[in-house]
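> kindly return the folded structure for what I paste below:
(4 chains, ligands or ions: 4)
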Amino acid sequence: MHPMTPAPFLVRSRRPVRADTVNLTLEPVEGACPPFLPGQFTMIYARGVGEIPISISGRTRAGGYLQTIRAVGAVSRALCRTRRGDLVGVRGPYGTAWDVPAASGMDVVVAAGGLGLAALRPVVQELVRHRARYGRISLIVGTRAPMTLLYPRELDRWARAGVDVQVTVDHPDHEWKGPIGLVTKLIERIVFEPRRTAGFVCGPEVMMRAAAGELVRRGVAASRITLSLERNMKCGVGRCGHCQLGPLLLCLDGPVVSYERAARLMAVPEL
Amino acid sequence: MDVVVLESLDPLIEELRSAGYTVVGPTVQDRAVRMAEISSAADLPAGVGDVQDPGSYRLTSGADGMLFGYAASPDSAKRFTQPPRQTLVRMRDGAFEEVDEGAPRVALLGVRACDLAAIAVQDRVFAGSRHPDPAYRRRREALFLIAVNCAVPGGTCFCVSMGTGPKATAGFDLAVTELDAPHRFLVETGSERGGEIVARVPHRRAASEDVHAADEVSRMAAVRMGRQVDTDGIQHWLPAAHDSPRWTDVASRCLSCTNCTMVCPTCFCSTVEDVTDLTGQVTERSERWDSCFTLDFSEVSGTHARGSGLARYRQWLTHKFATWYDQFGTSGCVGCGRCITWCPTGIDVTEELACIR
Amino acid sequence: MTHKSVRLGRLSRVEGEAALLVRAHDGRITDLQLNIYEPPRFFEALLRGRSYDEPPDITARICGICPVAYQMSACQAVEAACGVEVTGPLRDLRLLLYYGEWIESHTLHVFLLHAPDFLGYDSGMALAADHRGLMERALELKKAGNELVATLGGRAIHPVNVRLGGFYRVPRPQELAPVAERLRRAREHALTAAAWVSGFDFPDVEFDYRFMALRHTDEYAILSGCPTVSDGTVFPVQEWPAHVVEEQVAHSTAVHARLDGAGGYLVGALARYAINSDRLSPLARTVAREAGLGPVCRNPFRSIVVRAVEIVHACDEALRLIDGYTEPDAPAVPVEPVASIGHGASEAPRGTLYHRYRLDEDGLIAEADIVPPTSQNQARIEADLREFIEPRLDLPHAELAAWCERSIRNHDPCISCSTHFLDLRVEAR
Amino acid sequence: MTSTDRNDRPRLAVWKFASCDGCQLTLLDCEDELLPLASTLDIAYFLEASSAVGPGPYDLSLVEGSITTPQDAEHIRHVRRVSRRLVTIGACATAGGIQALRDFADVREFASVVYARPEYIATLERSTPISAHVPVDFELRGCPIDKRQLIEVITAFLAGRRPVVPGHSVCVECKIRGNICVLVAHGTPCLGPVTQAGCGALCPAFNRGCYGCFGPTETPNTPALNTKLRRLGVSDPDLVRVYRTFNATEEPFRQASEEAEGDA
Ligand SMILES: Cc1cc2nc3c(=O)[nH]c(=O)nc-3n(C[C@H](O)[C@H](O)[C@H](O)COP(=O)(O)OP(=O)(O)OC[C@H]3O[C@@H](n4cnc5c(N)ncnc54)[C@H](O)[C@@H]3O)c2cc1C
Ligand code: SF4
Ligand code: SF4
Ligand code: SF4
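Ligands and ions are numbered 1, 2, ... in the order given. This next block holds a predicted model:
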């Protein structure tokens, strides 16, 4: 099959999670969903509108993909507007994965900005599933406003399962009693053993630079911090060239990249 | 039967045509050497030469009666390996149909060594990747390649620096060296099907004078390169020079017009377009040539990762000569000089690299 | 009911924007104004100081419906100033291009703009809903014209391939083969169309028109010829300014052209037919006869039949030119600027289109004058309205308004071509 | 088709301001698409083609022409009010058109050249694009617009897709089409490198240099092109004229012409 030919998938369920974001669960019309690793993404095609990369946020009980999509432009809007039973095209999963098992025996800091949590959800799930293998686990979530927080119930569940969940918002409402401001401020405060800590970071590029930078400042080795980078992607399979970042083709060599590598690349303006 | 001599190309062209190939070779059109369908050697540009300089291309009269006395044509093989537009998928009645645009049986006559190297680069991108493209493979298999060894390199050529020419050493079905006094063609066979075709046309075994004469053509060509590049360590020093002041200088001359990438035989970047018909019943996705010089190319999160002309030129040059190694284990440049000739403002990559170093 | 007024806000199915005001008192029309509120675009002014080779591209933008007409009149006027005449195969190619525009423009008018009037539809699209096959053939005919223009000119609207002295690139004969194929089918459709429109129900009126059209020694004049008036006057194009005078009449909303001192002459399909019907192709002549047209047609409603005949002629002649085509040696003859004055006229689908340029010694345009067909017809259209409407003032308002619109549409006025139209009284909208 | 679902169709309106009619004619020139279009969309207001005037509001308004009179400046506000999406079509509507050349001259004097009684001419000093008056949802460039691009904008509107109307140079299309570069191979001055694609690289296909009828690209580098054009022998007065045609007041072209004028 041609690598650009999508497989038909059905929208099994569609749940709005906040004003501009929905959770879709997608199942193939035929056969089973190919397996995926945390951090990988699919290319989802909205018929007649276009195709975009979306992280896989989890697997449903029926074996489908859970994908969380924010409506920012034409394709994401069309996907957010699909209804149960609609047909979409899916290619993938593609890209590099978060090496969660490599963090065994270590403290773990997971830092998510905005929709970045969608990509990190499988990481947290993996950590929680094997809670005993890891030291302290901190999940820091930055979001615009309390209303825009993703997966609030799961955050509670994870907290009960022994994850130190901390949420900070940019624009608090009057009921908000938690922290306000940047994710980095929370990283300053949390407790971990820097030389034995792994960091997983995903969010807007400025947030990732700040968060990873703060982890490094506190003594975490850049090689133990991994980020998920975003670039324009038209193919996901290394043929369209759009996702280049210096030596990387992010659809093949990313999106998950070690901060050791990414730091130098992100430091060059407009690379 | 490895090396033979043909008196004329006509029987070869005839044989290819009867084997079901459309023979595409150099012709003169609109004051340039263009690759187009030919039916006999009479369609080839006899006695035509060219003068290529940064931003300038002119035909001249070349050596009398010689058919291949010019350098790289504006047309590389890319149009045949990677068509400028291809429909990928059609969707109707809730099903995705993969569109097979077919693989035309084309015999490309006059492919230069640099072009063969470029095809090898594209092979890595499209066929050798983790996600191989079966349509590309079919197109490649349907392409019969007849190389012509360069006798007269152009003013913008630097294949010797890139280790890709001027003599074709691999990747061809047949390789021709045009010899004069008397006018004849030394033909090397590079594949089984190449050998089968040659066996069916009148030929004689090459004598050692023929072979020597051909060697001499390639030797002379190698010393007449228009330009050169020092590629030593380029994979490292070029990316490291991301803040060289030269980028600002070249950005002031670069039009971001994309011509360099479009004429480049290895540049493979593409974008995908969706079209719907008026009733919304049929939708199609197609892929077309794109370029890192366009703004949309790097659009992300509502901005452009490479918004400035400087960043776009730097991306192109750095990718072509350095980061290509990281991604595909080879240089992206084969030294054909097309980007220099066809850059409207005459930006010369060899000069830019020398200045940046 | 003694007072009556008809006010048509924005005329539809005409090119450009215009309104009509008719006031009547005691069965007499007291006031009649065809208001052109197409905003002025000042072409003649903006041409000054431009290079002598720019008018074909610039004046094309006067009208998107007949850009080729503008290009042809402009080229010939500048070439005349420079002492160059384009002849032979290059002239044939120009003619061929022009036929393409004729086929396109006339088909547009006949089917999409005019025919709905006779059959009681609001638009060609509405007509198509009931007569799908007919409209599909009409569109195929129109497309044949457009593709002819696009093949020679690059695109149907504002072709890019026209230049002084000829073209930038001439087609290879094989490029014309598919066009000819389509034209042959188009000619069949044109024949059907002529038979179809000749069967329409025409009001029984005839007006005493003074016609003017170009006349050519051997062609049904399109590309060039001598201005010829039905009263026998003939003059070379260079003498246009002595014969045709444009006046801004104080009480009127538009520049009226006067021919030899009198207004109210008519250019366009009826005029061309009256002056040149003997030069139609044999096929077109047969079609005209079968459609019941005599040597002269004075019923403006039947102009649709004349246009249909002209489409047949254009298809027929275009095919003849393609059959006889041999590729010219060069795409253009050189045209060097000369400080001089040049005149040029051709037959736009809507009538005679005249250009005059004065070039200075630097090859720049010092003065430009353009007289489009509709400004020549303006006075006559108003006269038609008076004569036709006055006896019908008792009709119900809607019906009367419809007749007014139809009377205007008969002349296929192209208001976009209003290099000169005035905007005295802009209606409140 | 029943009358109810006819009424469900998106309603299209076509409006005209100062222009040559060519861009709206492009819609009628879509011979293959016209009838399907007329059954997909309710063509509710299109005076050039239809006497039937359906009431607003309209789902999609195509606006041709530039604003040159005080009345039109008022009228366009009305058009905006009754339009859900407003797409401007053609150089007049997106850039002021050829009539914007008055911007570089005295419009009173212009009027006096053309009219014996210029005092009757109600016109504005400048010819301005629609976007100078009301918010515009999408601008389709070209003098005239390209038929395929028009269909693309309409089908994209129907599908809720971003129209494929890239802002890159004519050179991209020129190379895709397989033209020979007239600038490099013939030394013919060509504005392709600074002109937005869309026409399909028509002029070079006819051995002619692009004259910029689609307006500037997303990131035009006119100074670099001017250096090249001067090297080819284009004089400064000619450079001024080259940029002052149908998109003369688009900022990059205006600057390029003023730079050449300064040198002239
Ligand atoms: C590896 C990878 C994984 C991703 N995972 C997810 C995911 O799980 N969920 C998800 O929702 N998205 C994800 N994205 C981002 C998603 O692919 C883009 O948001 C999407 O491509 C936008 O396409 P569009 O057609 O909807 O918008 P476009 O039509 O391309 O954009 C339209 C306009 O929207 C604006 N815009 C686009 N994106 C943004 C933005 N982020 N912020 C502000 N304005 C913007 C811009 O003005 C843009 O011009 C991921 C991206 C990558 C590369
Ligand atoms: S380097 Fe030359 S060819 Fe390439 S984008 Fe810049 S100006 Fe165009
Ligand atoms: S001819 Fe013009 S548009 Fe085409 S590539 Fe050359 S510079 Fe660009
Ligand atoms: S090449 Fe340039 S001038 Fe010619 S049609 Fe295209 S955009 Fe217009």
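> what helix or strand does C:A115 sit in?
Assessed by DSSP states H and E, C:A115 sits inside helix C:115-119.
> name the residues that touch the next helix or strand after that helix?
Going down the chain from helix C:115-119, the next helix or strand is helix C:124-130, by DSSP H and E. With contacts defined as Cβ atoms under 8 Å, 6 or more residues apart in numbering or on different chains, helix C:124-130 is touched by C:111-113, C:115-116, C:119, C:121, C:134-136, C:138, D:34-35, D:38, D:43, D:49-50, D:52. (Glycine included, C-beta is placed from N, CA and C.)
> circling back to that earlier point, show me what counts as buried in the helix holding C:A115.
Using 16 or more other Cβ atoms under 10 Å in any protein chain shown as the test for burial, helix C:115-119 gives C:A115, C:P116, C:D117, C:F118.
> in contact with the residue nearest to the last one when sequence neighbours are not counted, which residues?
To tie it back to what came earlier, the one meant is C:F118. Leaving aside its sequence neighbours, C:F118 sits nearest to C:F200 (Cβ to Cβ, 6 or more residues apart in numbering or on different chains; 4.2 Å). Residues counted as contacts of C:F200 (Cβ under 8 Å, 6+ apart) are C:A115, C:F118, C:L119, C:I304.
> try 10 Å
C:F200 makes contact with C:H114, C:A115, C:D117, C:F118, C:L119, C:F301, C:R302, C:I304, C:V305 under the criterion Cβ atoms under 10 Å, 6 or more residues apart in numbering or on different chains.
> would C:T30 count as being in a strand?
Yes. Counting by DSSP: H, G, I helix; E, B strand; the rest coil, C:T30 is located in a strand.
> what about the nearest residue to it once chain neighbours are set aside, how many neighbours?
Leaving out its chain neighbours, the residue that sits closest to C:T30 by Cβ to Cβ, 6+ apart is C:R23, at 5.1 Å. C:R23 sits with 15 neighbouring residues when counted by other Cβ atoms under 10 Å in any protein chain shown.
> how close does A:T25 sit to A:F41?
As for A:T25, its distance to A:F41 is 16 Å (criterion: Cβ to Cβ, to the nearest Å).
> the two: which has the busier surroundings?
A:F41 (28 against 23).
> residues near the residue in the stretch 101-250 of chain C positioned nearest to chain A, how many?
Relative to chain A, the nearest point of the stretch 101-250 of chain C is C:M125 (24.8 Å; Cβ to the nearest Cβ). For C:M125, the neighbour count with other Cβ under 10 Å is 22.
> next one: it from ligand 4, what distance?
Noted for C:M125: a distance of 29 Å to ligand 4, by Cβ to the nearest ligand atom, to the nearest Å.
> any idea how far the residue in the stretch 151-300 of chain C that chain B sits nearest to is from B:I347?
When scored by Cβ to the nearest Cβ, the stretch 151-300 of chain C has C:R169 as its residue closest to chain B, at 8.3 Å. C:R169 is 29 Å from B:I347, where distance means Cβ to Cβ.
> so for these two, which sits in the more crowded spot?
B:I347 (21 against 16).
> quick check: closest non-adjacent residue to that one.
Using Cβ to Cβ, 6+ apart, the closest residue to B:I347 is B:R253 (5.7 Å).
> the one you found contacts D:N226, doesn't it?
No. In this structure, B:R253 is not within contact of D:N226 by Cβ atoms under 10 Å, at 11.5 Å.
> where does pLDDT dip in the stretch 201-350 of chain B?
The model of the stretch 201-350 of chain B has no residue with pLDDT under 70.
> could you give the number of residues near the residue nearest to B:I347?
Neighbour number of B:R253 under other Cβ under 10 Å is 19.
> go on, the one 10 residues further on?
In terms of burial, B:V263 registers 24 neighbours under the definition other Cβ under 10 Å.
> surely it and D:I176 touch.
No. Assessed by Cβ under 10 Å, B:V263 is found out of contact with D:I176, at 11.6 Å.
> give me the low-pLDDT residue ranges for chain D?
For chain D, the ranges with pLDDT under 70 are D:1-7, D:116-122, D:263-264.
> one step back: now the residue nearest to C:F118: how far from C:F301?
From C:F200 over to C:F301 (counting by Cβ to Cβ), the distance is 8 Å.
> who touches both of these two?
What both C:F200 and C:F301 touch, as defined by Cβ under 10 Å, 6+ apart, is the set C:H114, C:D117, C:F118.
> tell me who's in contact with the first one.
Same thing as C:H114. Here C:H114 is in contact with C:13, C:106, C:108, C:124, C:197, C:200, C:301, C:303-304, C:307-308, C:406, C:409-410, C:412 (criterion: Cβ under 10 Å, 6+ apart).
> the domain parsing of the chain - what is it?
I went with chain A, as the question did not name one. A:7-94, A:101-267 (automatic domain parsing).
> please refer instead to chain B.
B:3-223, B:234-356.
> give me the number of residues near C:E140?
Counted with other Cβ under 10 Å, C:E140 comes out at 17.
> pretty sure it sits against C:H189.
Yes. Contact criterion Cβ under 10 Å: C:E140 and C:H189 qualify, at 6.2 Å.
> so what sits against both of the two?
By Cβ under 10 Å, 6+ apart, the residues touching both C:E140 and C:H189 are C:T107.
> still on that earlier bit, and the residue nearest to C:F118, what element?
Going by DSSP H and E, C:F200 is not part of any helix or strand.
> need the pLDDT of it.
In this model, C:F200 is scored at 96, pLDDT.
> closest point of the stretch 201-350 of chain C to ligand 3, which residue?
C:P331 (16.8 Å; Cβ to the nearest ligand atom).
> right, and that residue touches C:Y168 too?
Yes. Using Cβ under 10 Å as the test, C:P331 is close enough to C:Y168 to be in contact (6.1 Å).
> now for these two: what residues contact both?
Shared contacts of C:P331 and C:Y168, counting by Cβ under 10 Å, 6+ apart, come down to C:N161, D:F206, D:N207, D:R208.
> quick one, phi/psi of the last one?
Geometry field for D:R208 lists phi and psi as phi -130, psi 150, criterion degrees, to the nearest 10.
> ok so, going back, and which of the buried residues of helix C:115-119 is nearest B:V198?
Nearest to B:V198, judged by Cβ to Cβ, of these is C:A115 at 66.4 Å.
> does that closest one touch C:A138 like I think?
Yes. With contact defined as Cβ under 10 Å, C:A115 and C:A138 form a contacting pair (8.6 Å).
> identify the contacts common to the two.
With Cβ under 10 Å, 6+ apart, C:A115 and C:A138 have common neighbours C:G124, C:L127, C:H131, C:A193, C:W196.
> and the pLDDT for the first one?
Predicted confidence (pLDDT) for C:G124: 89.
> gap between it and D:T155?
For C:G124 relative to D:T155 (Cβ to Cβ), the value is 22 Å.
> and chain C, is stretch D:30-37 touching that?
Yes. Interface with chain C: stretch D:30-37 contributes D:C30, D:E31, D:D32, D:E33, D:L34, D:L35, D:L37 (Cβ under 10 Å from any Cβ of the partner chain).
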